[in-house]
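Enquirer: Sequence first, predicted coordinates after that:
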Amino acid sequence: MESNAHRNIDPNPELSDQQPEKSLSPFQLAMRRFLRNKLAIVGIFILIFFVLIAIFADVIATHSPTASNMYKVEAKADSENWLGTDSSGRDNFSRLVHGSRISLTIGFFAMLFTVVIGVTLGSLAGYYGGKVDGFIMRITDLMLILPFLLLVLTIIAILEKINITIFITIIAFTSWPTLTRLIRATFLSLKEKEYILGARSIGASDFRIIFKHFLPNAVGPIIVNATLMMATMIIIESALSFIGFGIPQPTPTWGNMITEGNSLRMLQNNWEAWLPPGLAILLTVLAINFIGDGLRDAFDPKSNQ
Amino acid sequence: MKSSKLWLVLVLALSFMLVLAACGDNNEEAGGNNDNNNEENNDNNNDSDSTERGTITAAMYSAPGHQFNPLFYSDAYEANILDFTHEALAKLDENLDWEPSLAESWDINDDFTEITFTLNEGVTWHDGEPFTADDVVFTYNVLMDEDYVAAGGVRTNYVADLETVEAIDPLTVKFTYTDTNINAIFDAAFIIVPEHIFGDVPILEMPDYSASRNAGEVIGTGPFQLTNMLEGERYELTAYDDYWQGAPGLAGITWRVIEQSIMPGLLENGEIDMIAEPNGVPAADFDTVDALEHITTYVTQDFGYQYMGFKLHHRTTEDVEAGVIDPDNWIENEKIADVRVRQAIVYAINRQALVDGLLHGMGTVLNANFPEASWAFDESAVNPYDYSPETAEELLDEAGYVDVTGDGFREDPDGNEWTLNFDYPTGNAVRERSAPIIVENLEEVGIRVDLRNPREAGPHFDLVEEDDHDWDMYLAGWSLSAADPDPSALWLSTAPYNYTRWNDPVSDELIRAGIQAPEAFDQDYRKQAYSDWAAHMSEQVPQVFLYSSDNIYAYNSAIQNVKHYPAGIYSDAHLWTLEQ
Amino acid sequence: MHGHGRALVLSLRRNVEMHKYITRRILQFIPMLFLVTVLVFALAKAAPGDPLTGERLDPNIDPEVYEIRREALGLNDPLPVQYWNWLSSVATGDFGKSLQYTGRTVMELIQARIWNTFYLSLFALGVTLAIAIPIGIYSANRKYSLFDYGATTFAFLGLATPNFFAGLLAIYVFSLTLGWFPAQGTTTAMSLTGFELFIDKLRHLVLPGFTLGLASTAAYMRYMRTEILEVKGSDFIRTARAKGLSNESVLYKHTLRNALIPIITLLGLEFGTLLSGAIITERVFNYPGLGTLFLNAIQNRDYPVIMAINLILAVTILIGNLLADIFYAIVDPRIRYD
């Protein structure tokens, strides 16, 4: 298992070995390449669009996303409810708008926590090696052995209930191992590099070496992974909602909105209930994937030669 | 790779898929226009003698647990099989009265301590062995055995007061009770299992025994026999031609397990012919299904109901740990101790709106512990508590719960913050949806509610039982007995199922009066006692009755002689035939 | 990098090293296995409640029976005792009895479903490979062609569509509207035999199989394309090309082989992903497999079933990883044995 670490990563020689044109850092170079990628730019625009919706949800929404009207349940779209109402008589349009907030928050924070855990453990393992490495890697292996969804479901069962914070924590807690391995591998490949040895010989602190010399070189893979992870998180939220383990009503999320469409009646008659959140997920995830892919190409240009 | 090779692969793959798609056209999809198509197809697979009789396909949403021994079965899906393969001495008729089944008649002695059944002649088990009084004695002796519960059985309530069961002769069996038993017929109406199959099997091994589990080996007296099954998918019942009431009119019934969301589509295109227990047609799909020309629907009130309970008292931690239910040790929940507050809460909740919205109108607002079909139901005894936020506000004002801080929420009479904690479980979609709506209703009249995140059903109901915590209100449901309305098990203050921990001597007294011999042998007397009790409960509001949903059955109109009983449509299934 | 000539001496040394490596990997497997059993047990037992808790709808049942039953099932024993009892019976291949399904052994429940899930995963994997590899290769060779853009679009859409959403759409379109494929279960009639049965089962696999395979097809298409591009750009291919090898043979001999290696190791991990992805797909298609069994067991706190499925899948993945590592060590000469 640990050998996986040695093979996945192909650290970019041009980032660590040669210092290119003095004026531009590798990061700036990557950004320049990134901005030339049309799909990635499209992705950025789509994402900004959804983020703006999330920020201004209160202004855009026409109703409260949680107020129900028992006398207008599963209604079709009309001038009052632009996308009809759900099975509890709540306004679908307002839920869609507010849902962007929840879904993006979940995606973003789950990703952020995962990155924090993954980078911390990966750095510790890669930098210190030996017992620390052994211990962290054993846990990583263990986590990877249990299939992700099985592990998540089991943990949700243990915690009995679920809200946004718990949800984000569970997802982060179960998805860090891949990133940890990645960071560790990057560190291992850099360990023997001269400037690292140099920094060590002049007595720089571990902390400083990790932050000044190792992490900047791992930024590419981290960012690429983090973006793709955010997309995955949004899909996971909707999938868990579907099997009844997601964020409970009345909190609006795109995931629990689509779940409303889980019957033929809704599929056939009330497309406005499930199609917009479905498309919202699809577009957001697509946008994030475009960005991630653009970043990958930008940081690892040789795959694009 | 050359592009030509790639295209070759793609073309091959595509044609393979098309062949697969074409293969199915002739042997499965019956098409929406001919209802009997798939029956005819299935007939070819059955015995030659069944050519003129049809087979129907019924559907359920979840797979049975494969325990086909009536002593040990536990889910409604298994019951879907057993209802056709096994029988009891008596069964409920369309008025919820007892009518003969395996027994042709019975006789109860004057002090209601003995009931003697005369069994029908000529009843045989599926393997041809005759059914006798010994089978009845055997079944009840297993229920009374000390190993029965350890082996996994839960139906000890049938033998709670039973002293002995004796076979007087092969066709006569006598039950003797320790005390007067006004429910003797109900208690004697447990499904009978064959002694010649299970007689030598130790009770602890009975649930594992092949005759409890395997298709073809499950033996009952019913009109159909479980002959074939494919785990989690299909369960095939075949007519038992030597059935004592005559050979069944259908060659067989095939149960399929399907996903609820596509049920209406399958019903429409004729792939399935019947949807019944346990959940029937979802309320939201009723209009679609009812509009299908070849489908007959039957709607009846479910005997179960949903409620919002008040935790009127909490037990102490010591009592919870020791498993003691002693009202003397209970601690009163001051937040909802004032009856006016509880009444206000009922008025504040728009229960009819819950039924209209969440159940698409397919349900009934309930005000007492009895279903409408029961003889104990008395609409005039109870306050209907029609939705009236104004009345709710008046009651709260009167009780001294007013908003002194001006934040829109009422404080308690001492001016302290007043928040009601509200817990609910997942698992029942409609119930889950009702919780936030109830909270909205209560907030409209100024009651601050802390709606906690829902728990899974297991932990939620654990906490409902172990009530040494800060709960004030919770959601739950009960199934009401169709056979007898006695509420002792739920509502006596010392009953473990008295989850609201309602400690009310008047209620206890009225409940006991309802089953007191000898007066209780007179149904009118009992009816009055239960009306009095329902009236008292309606005034005291230990819980808010929310609604009982409708059971919606749907079946292909080609199936003849289906009986619409309040307890279901499976009665006399041997008379079902398929119109050709 | 890797010359074709001076290999003999090196390869002898490599052989010894490789055997050592493989032995060590196998030895690591054992403590891992033990840890997995502890983890699986702890996770299952940490969940509150047991199958005997839950909504009691029928007030006629005496609540005392649940306590007696709990005692009889050993649910009141101390945890270490329960763990030991479980472990020692698991060691003999006995996963105990289901708590939810009276009288059924866990093994029996699993046996009735594991093949369905296996076929489903296999079908999905087959779909993935059959579509992803050729399209990935073709895309890489015709970079920025219309085909490449089409494939890329499909890949992105496949990755962005939630599994269950795709499943619902597939049922709606291909089963209910077009009537091409059945939407539920694994067979039409139990009386089918031989070739008919095979075709029937295959037809039932089509919709869930494609749904389950959708995301991984998309992912592998991307992997394949990237890998080919990467290998094509690497030194040794350039060397081979410089040596005058024709385009076609370069591609077949070197590029493909080298690009496939990481794909194969990914497959070792993929099987586990498929199995857990099957939970959702099986649910949509009401396909009786391990996924639906697991979901049901979680909801009913049927520990023996939860533990058995977790353990079986964990061990499958563990062995899959081990085999992938060993395979990788044999195939890829560049691996380091540390």
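Expert: Received, thanks.

Enquirer: My understanding was that B:Phe422 contacts B:Asn453; is that so?
Expert: No - the criterion here is CB atoms under 8 Å, and B:Phe422 misses it with B:Asn453 at 10.9 Å. Yep, even glycine has a C-beta here, placed from its N, CA and C like the rest.

Enquirer: Please say which of these two ends up with more neighbours.
Expert: Between B:Phe422 and B:Asn453, counted using other CB atoms under 10 Å in any protein chain shown, the more crowded position is B:Phe422 (20 against 16).

Enquirer: three-state assignment of that one?
Expert: Of the three states, B:Phe422 takes strand according to DSSP: H, G, I helix; E, B strand; the rest coil.

Enquirer: Apart from its chain neighbours, what residue comes closest to C:Leu87?
Expert: C:Thr37 (6.0 Å; CB to CB, 6 or more residues apart in numbering or on different chains).

Enquirer: quick one, helices of the stretch 51-200 of chain A?
Expert: Remark: helices assigned in the stretch 51-200 of chain A by DSSP state H, counting those that start in this stretch are A:57-60, A:92-128, A:130-145, A:148-159, A:164-191, A:194-201.

Enquirer: Pipe those into JSON lines and attach mean neighbour count and mean pLDDT per row.
Expert: JSON lines is the format used below for those (neighbours: other CB atoms under 10 Å in any protein chain shown; pLDDT from 0 to 100):
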{"stretch": "helix A:57-60", "mean neighbour count": "14", "mean pLDDT": "90"}
{"stretch": "helix A:92-128", "mean neighbour count": "22", "mean pLDDT": "90"}
{"stretch": "helix A:130-145", "mean neighbour count": "17", "mean pLDDT": "83"}
{"stretch": "helix A:148-159", "mean neighbour count": "21", "mean pLDDT": "79"}
{"stretch": "helix A:164-191", "mean neighbour count": "22", "mean pLDDT": "83"}
{"stretch": "helix A:194-201", "mean neighbour count": "13", "mean pLDDT": "73"}
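
Enquirer: quick revisit: name the helix or strand for the residue nearest to C:Leu87, please.
Expert: C:Thr37 is part of helix C:8-46 when elements are defined by DSSP states H and E.

Enquirer: same question for that helix, mean pLDDT?
Expert: Averaged over helix C:8-46, pLDDT sits at 77.

Enquirer: Also stretch C:99-107?
Expert: 76.

Enquirer: same thing with stretch C:211-223?
Expert: Per-residue pLDDT values over stretch C:211-223 give a mean of 83.

Enquirer: Off-centre distance for that stretch?
Expert: 13 Å (CA atoms, centre = their mean, to the nearest Å).

Enquirer: Mind checking if that stretch is in reach of chain B?
Expert: No - on the criterion CB under 8 Å from any CB of the partner chain, stretch C:211-223 is out of touch with chain B, staying 12.3 Å away.

Enquirer: Point me to the residue of the stretch 201-305 of chain A nearest chain C.
Expert: Proximity of the stretch 201-305 of chain A to chain C (CB to the nearest CB) peaks at A:Val285, 3.8 Å away.

Enquirer: Need the nearest residue in space to that residue, chain neighbours excluded.
Expert: C:Ala160 (3.8 Å).

Enquirer: and that neighbour, how many neighbours does it have?
Expert: Applying other CB under 10 Å, I find that C:Ala160 has 22 neighbouring residues.

Enquirer: Wait, it touches A:Phe290, no?
Expert: No - with contact defined as CB under 8 Å, C:Ala160 does not reach A:Phe290; the gap is 9.8 Å.

Enquirer: how about B:Leu162, phi and psi?
Expert: Main-chain torsions, B:Leu162, degrees, to the nearest 10: phi -80, psi 130.

Enquirer: Pull the contacting residues for it.
Expert: Counting by CB atoms under 8 Å, 6 or more residues apart in numbering or on different chains, B:Leu162 makes contact with B:140, B:144, B:175-178, B:187.

Enquirer: Tell me the bridge partners for it.
Expert: Note on B:Leu162: beta-bridge partners B:Tyr177, judged by DSSP bridges.

Enquirer: Quick check: it vs C:Thr316, distance?
Expert: For B:Leu162, the distance to C:Thr316 equals 51 Å [CB to CB, to the nearest Å].

Enquirer: ok, now C:Gln111?
Expert: 15 Å.

Enquirer: These two: which is more packed in?
Expert: Neighbour tally, C:Gln111 and C:Thr316, criterion other CB under 10 Å: the higher count belongs to C:Thr316, 15 against 11.
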